[in-house]
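Undergrad: Any chance you could fold what I've pasted below:
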Amino acid sequence: MSKIKAKLVKVLPVEQGVSKAGKEWKKVTAVFEESENTPNYPRQFAGVIFGNKVDELWPLLAIGAEYEVTFDIESREFNGRWYTDVNVWRLERVVAAQPAAAPQPAAAPQPAAPQPRPQQQRLSFNSADIPGADDLPF
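TA: Predicted coordinates:
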């Protein structure tokens, strides 16, 4: 058995039927996307969940969630053609590690809101108002 971390992209409808031996069967195909090894070129694969595993794993399926998928690969020959299945045996939801929150300091006093600056008065004067202004060299 192998394991891989992958995101669930799509879940196809449940298929069910009766075998030639008269036993009921059901399966669901889940499409996963693995991008850990090739982030620029994510690879998708379809995993088959079969039999009683459908009832066991169905409640765990959430589109967009990350899983550690335990699976095995099985190939078989039928009429000269080969068929390969990726059989999913276990799903473990991968929870992204939350960064530890920095401890909050005790209620620190907030700085006072800035006070509006008083408007400056513009002083205007006339040279006639200044005694001896006519004596200036410039």
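Undergrad: what's the helix or strand of the chain with the lowest mean pLDDT packed up against?
TA: In the chain, the helix or strand scored least confidently by mean pLDDT, DSSP states H and E is helix 52-57, which has a mean of 88. Helices and strands touching helix 52-57, as assessed by 3 or more C-beta pairs under 8 Å, 6 or more residues apart in numbering; DSSP states H and E, comprise strand 24-34, strand 81-93. (C-beta placed from N, C-alpha, C; glycine too.)
Undergrad: what's across from the closest residue to residue 88 other than its chain neighbours in the sheet?
TA: Nearest residue to residue 88 in three dimensions, chain neighbours excluded: residue 47, at 4.0 Å (C-beta to C-beta, 6 or more residues apart in numbering). According to DSSP bridges, the partner residues bridging residue 47 are residue 30.
Undergrad: Now do residue 47: how many residues are near it, please.
TA: Number of residues near residue 47 (other C-beta atoms under 10 Å) recorded here: 22.
Undergrad: can you check residue 22 too?
TA: For residue 22, using other C-beta under 10 Å, the count is 6.
Undergrad: Surely it forms part of a helix?
TA: No: using DSSP: H, G, I helix; E, B strand; the rest coil, the assignment for residue 22 is coil, not a helix.
Undergrad: which residues sit in contact with it?
TA: Not one residue lies near residue 22 by C-beta atoms under 8 Å, 6 or more residues apart in numbering.
Undergrad: For residue 5, pull up the helix or strand it's in.
TA: Assessed by DSSP states H and E, residue 5 sits inside strand 2-11.
Undergrad: Could you figure out how far that strand is turned away from strand 24-34?
TA: 100 degrees (axes from the mean of the first three to the mean of the last three C-alpha atoms, to 10 degrees).
Undergrad: packing partners for strand 2-11?
TA: Counting contacts by 3+ C-beta pairs under 8 Å, 6+ apart, strand 2-11 is packed against strand 24-34, strand 66-78.
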